[in-house]
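Participant: sequence unknown, structure follows:
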């Protein structure tokens, strides 16, 4: 049987058409944009099958521009990070909690200047503080509350224990002192936002998780985003988290948290870009609410703090930014929005050694470098070694009861154990390496030398040089004993062994106390000072650091 040429041609054409339908030929992908290749280079250290990694998402002018995953979401099972990977975003939760409070205020269901005890009567009326704590002060971190995690740690909670909302309310209700007069300072902390979550429930009748799902996440189409209130909940595509392991490799580092408001939002980079766009177009909440979110809080004296509704308002290389960072366990997060240029960047990571804030800023430079000013860090200035070494010593802040130690080592002024020294900027001005902070020393004509430290916040911390003699062994022995705190209902033990003091407590750990002069010591908790009765006997101890000031435990008489 013969088939004519024309028939064969028609038959071949039909077969080719069928094949094209069955196996379509996809066009070659367009070449990567130069800035996309730069982004890949920025995240190159966190690629491969042996490291945790990150997801990055970038929007330009309200349109997704680039999204990619690097490294492993789960090292044990070899699951890679993708843009759809769900991460615990830690303190990124604060902006959603603040938005929920703003929605309720907008509807007249609460007032931002309301006393928080209107909604939280279990909190004590603290003596010695003339001002009440307001809801706005919680939002802006000007409340003066002590750090919840540190308090629970001092009460015997370990890092991998379960932390619940009831635990936090219990410890906060026992406090009899604030860090500072409400409204007089800003000190970032987590207790405020845990309490804001409780206030949302009290006012709306819904848990914050349900309220945010109904009023924020669902209207915006953030389908992968939720507040987590149960650490055992199964979450598809969720990344594990890791911390560097001594000797190499990684250890699992997933926090056990059953409280939220200050933390515990699960999300993806894509969903966070949707949220950042809402900070520009006000689709949910409206213009006034978003404007409030992006407005700095103020101190009692009118000083702007640079912190709005769970958002930092800052600048980077001359460009305005709105964003926040997050860190819990091995999870690290950063959102960075350049509102004047409609550039939004979200970086979510699952390794404690990864610095997403630095990565996000490098991404921004790839996109906006031609619009940016010079790098933010001033260049080092040659300063004689002797002039720098003169500032080594012990410095103490009367306001915060903190101690800063400085030593001259390896050609730099540095804190003990620090890998990098302070960078001299000329005269008596320094900055920490890679930070636009300011450390300014002064030696007045009379009186002790002073050190002023300015970091991200508007208020400066002032320290004076301390020259107290270090205690000898007989003096150290006088501090040994047992101490009890009503605020944690915990007993602490101070022991002298091998010439060194240690502080320990049930389910805690032994903190080595290094003497810095007189009755003052430093350790991993911060500054530990011992108090004395009128007769000179040791009567108590006081623990202080930036977020927990003057925590007191009284000495307990030994039995027998």
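Facilitator: Perfect, thanks for sending it. Because the structure is a prediction, the values reported are computed rather than measured.

Participant: what about the most centrally placed residue in the chain, which helix or strand?
Facilitator: Relative to the mean C-alpha position of the chain, the nearest C-alpha, by Cα atoms, centre = their mean, is the one of residue 326, at 4.7 Å. Secondary structure from DSSP states H and E places residue 326 in strand 319-328.

Participant: Quick check: buried residues in that strand?
Facilitator: By 16 or more other Cβ atoms under 10 Å, the buried positions in strand 319-328 come out as 319, 321, 322, 323, 324, 325, 326, 327, 328. Every residue, glycine included, has its C-beta placed from N, CA and C.

Participant: Let's test this: mean pLDDT of that strand, rounded?
Facilitator: Averaging pLDDT along strand 319-328 yields 98.

Participant: hang on, residue 361 in a strand?
Facilitator: No - per DSSP: H, G, I helix; E, B strand; the rest coil, residue 361 lies outside any strand segment and is helix.

Participant: Pull the number of nearby residues for the residue nearest to it when sequence neighbours are not counted.
Facilitator: Excluding the flanking residues, the one nearest residue 361 by Cβ to Cβ, 6 or more residues apart in numbering is residue 316, at 6.1 Å. When neighbours are defined as other Cβ atoms under 10 Å, residue 316 has 20 of them.

Participant: show me what contacts residue 316?
Facilitator: Going by Cβ atoms under 8 Å, 6 or more residues apart in numbering, residue 316 touches 336, 338, 361, 364, 372, 376.

Participant: May I ask which of those has the most neighbours?
Facilitator: Using other Cβ under 10 Å as the neighbour criterion, residue 336 leads these with 26 neighbours.

Participant: Now do the helix or strand harbouring that residue against strand 319-328: the angle between them, please.
Facilitator: Here residue 336 sits within strand 331-338, counting by DSSP H and E. Here strand 331-338 runs at an angle of 170 degrees relative to strand 319-328 (axes from the mean of the first three to the mean of the last three Cα atoms, to 10 degrees).

Participant: Could you pull up the residues touching the closest residue to residue 436 other than its chain neighbours?
Facilitator: Spatial nearest neighbour of residue 436, chain neighbours left out: residue 376 (4.8 Å); criterion: Cβ to Cβ, 6+ apart. Shown in contact with residue 376 (Cβ under 8 Å, 6+ apart): 316, 317, 436.

Participant: Surely the last one touches residue 377?
Facilitator: I take that to be residue 436. Yes - Residue 436 lies in contact with residue 377 (Cβ atoms under 8 Å); the separation is 5.9 Å.

Participant: Give the residues shared as contacts by those two.
Facilitator: With Cβ under 8 Å, 6+ apart as the test, residue 436 and residue 377 reach no residue in common.

Participant: Let me see the ranges of the strands in the stretch 51-200 of the chain.
Facilitator: Taking DSSP state E, counting those that start in this stretch to define them, one finds strands in the stretch 51-200 of the chain at 54-60, 63-70, 72-74, 79-80, 87-88, 163-164.

Participant: now for the last one, which elements pack on it?
Facilitator: Looking back up the chat, that one is strand 163-164. Other helices and strands packing on strand 163-164, by 3 or more Cβ pairs under 8 Å, 6 or more residues apart in numbering; DSSP states H and E, are strand 257-258.

Participant: quick one: strands adjacent to the strand it packs on?
Facilitator: In the sheet, strand 257-258 lines up against strand 163-164 (parallel) (DSSP bridges).

Participant: How much space separates the residue nearest to residue 436 from residue 361?
Facilitator: Separation of residue 376 from residue 361 (Cβ to Cβ, to the nearest Å): 9 Å.

Participant: between the contacts of residue 376, which is closest to residue 504?
Facilitator: Within these, the smallest distance to residue 504 is 38.5 Å, found for residue 436 (Cβ to Cβ).

Participant: So residue 229 versus residue 264, what's the distance?
Facilitator: Using Cβ to Cβ, we find residue 229 at a distance of 7 Å from residue 264.

Participant: higher neighbour count, the two?
Facilitator: Taking other Cβ under 10 Å, residue 229 and residue 264 do not tie; residue 264 has more neighbours (26 against 18).

Participant: partners of residue 265 in the sheet?
Facilitator: Beta-bridge pairing for residue 265 (DSSP bridges): residue 227.

Participant: Surely it touches residue 226?
Facilitator: Yes - counting by Cβ under 8 Å, residue 265 touches residue 226, with 7.2 Å between them.

Participant: Pick out whichever of these two has more residues nearby.
Facilitator: The neighbour count for residue 265 versus residue 226, taken as other Cβ under 10 Å, is higher for residue 265 (30 against 21).

Participant: Contacts only, for the more buried one.
Facilitator: So residue 265 contacts 88, 89, 92, 93, 96, 225, 226, 227, 228 (Cβ under 8 Å, 6+ apart).

Participant: circling back to that earlier point, let me know the secondary structure of the residue nearest to residue 436.
Facilitator: Three-state assignment for residue 376 (three-state DSSP): coil.

Participant: So it versus residue 314, what's the distance?
Facilitator: Taken as Cβ to Cβ, the span from residue 376 to residue 314 is 10 Å.

Participant: Next, count neighbours for the closest residue to residue 373 other than its chain neighbours.
Facilitator: Leaving aside its chain neighbours, residue 373 sits nearest to residue 318 (3.3 Å; criterion: Cβ to Cβ, 6+ apart). Residue 318: 10 surrounding residues under other Cβ under 10 Å.

Participant: so residue 318 touches residue 368, yeah?
Facilitator: No - between residue 318 and residue 368 there is no contact under Cβ under 8 Å: 10.1 Å.

Participant: okay, now the domains of this structure?
Facilitator: Per automatic domain parsing, the domain ranges recorded for the chain read 88-371, 385-466, 473-556.

Participant: List of residues touching stretch 94-112?
Facilitator: By Cβ under 8 Å, 6+ apart, stretch 94-112 touches 119, 134-136, 139, 193, 196-197, 199-200, 203-204, 208, 211-212, 215-216, 227, 261-262, 265, 275, 285-286, 288-289, 292-293, 308-311, 324.

Participant: Report the rounded mean pLDDT for it.
Facilitator: Average pLDDT, stretch 94-112: 98.

Participant: ditto for stretch 448-455
Facilitator: Average pLDDT, stretch 448-455: 94.

Participant: Tell me the buried residues in that stretch?
Facilitator: 449, 451, 453.

Participant: In strands only, show me those.
Facilitator: Taking DSSP state E as the definition of strands, these contribute 451, 453.

Participant: Looking at the buried residues of stretch 448-455, spot the one nearest residue 162.
Facilitator: Among the buried residues of stretch 448-455, and counting by Cβ to Cβ, the member closest to residue 162 is residue 453, at 35.9 Å.

Participant: Which residue comes closest to the closest one once chain neighbours are left out?
Facilitator: Nearest non-adjacent residue to residue 453, counting by Cβ to Cβ, 6+ apart: residue 461, 4.8 Å away.

Participant: Count the residues that sit near the residue nearest to residue 81 when sequence neighbours are not counted.
Facilitator: Residue nearest to residue 81 in three dimensions, not counting chain neighbours: residue 69, with 3.7 Å by Cβ to Cβ, 6+ apart. Number of residues near residue 69 (other Cβ under 10 Å) recorded here: 23.

Participant: Relative to residue 85, how far out is residue 69?
Facilitator: Here the criterion is Cβ to Cβ. By it, residue 69 lies 6 Å from residue 85.

Participant: intersection of neighbour lists for the two?
Facilitator: Counting by Cβ under 8 Å, 6+ apart, the common neighbours of residue 69 and residue 85 are residue 55.
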